[in-house]
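Trainee: sequence and predicted model, in that order:
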Amino acid sequence: MAVKLDGLSPKELQALIAQAQSRMESARAEHIQGVKAKIDALLKAEGLQLSEVYAGRGSKRGKRAGAGIPKYRNPADPSQTWTGHGKKPTWFQQALKKTGVTADSLLITRVATRKAPAKKTAKKVTAKKASRKASRKASK
């Protein structure tokens, strides 16, 4: 289908663009529905579920690691915390406006619960390496 654009006014062109975009969206939705129907028919014929074919898909994803763990605390009201994700809370923004207050100063400090690192020990020479060293020394 060819449309002559030369004689159209800007207003008519704008209306044509809007119509084309609307038609494009509906055509895409129809295409997606057709593909879904084909996939459903194929899965049904094979006796499978989408979650079996694509592990981890077709179900809700889990939460991001570390989500919900508070990172910042309001010094004026310790019950108010923020994870550091999403929109900054009002108390956080107002606290940063005060002189001498930084985001680092509002961080929640946690007591280190890690074990002390193990002491480094001398590496043991394996029998294979020892035989290589001995053969090199003998050949010199």
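Mentor: Here it is on my side, so go on.
Trainee: and this structure, what are its domains?
Mentor: 13-53, 72-106 (automatic domain parsing).
Trainee: distance from the chain centre to the first one, please.
Mentor: Right, the one you point to is domain 13-53. With C-alpha atoms, centre = their mean, to the nearest Å as the basis, domain 13-53 stands 26 Å off its chain's centre.
Trainee: now do the last one
Mentor: Going by C-alpha atoms, centre = their mean, the spacing between the C-alpha centre of domain 72-106 and its chain's C-alpha centre is 25 Å.
Trainee: any idea how far apart the tips of it sit?
Mentor: Using C-alpha to C-alpha, to the nearest Å, the end-to-end distance of domain 72-106 comes to 5 Å.
Trainee: next, the buried residues of it.
Mentor: Neighbour counts over domain 72-106 (16 or more other C-beta atoms under 10 Å) mark 72-74, 81-82, 91-92, 95, 106 as buried. Just so you know, the C-beta spots here come from the backbone N, C-alpha and C atoms, and that holds for glycine as well.
Trainee: could I get the domains of the chain as JSON lines with mean pLDDT and distance to Ser131?
Mentor: JSON lines is the format used below for those (pLDDT from 0 to 100; distance: least, C-beta to C-beta, whole Å):
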{"stretch": "domain 13-53", "mean pLDDT": "91", "distance to Ser131": "52"}
{"stretch": "domain 72-106", "mean pLDDT": "89", "distance to Ser131": "55"}
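Trainee: any chance of the ones you listed in TSV, plus distance to Lys133?
Mentor: Converted to TSV, the domains of the chain look like this (distance: least, C-beta to C-beta, whole Å):
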stretch	distance to Lys133
domain 13-53	54
domain 72-106	52
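Trainee: no further queries at this time; thank you.
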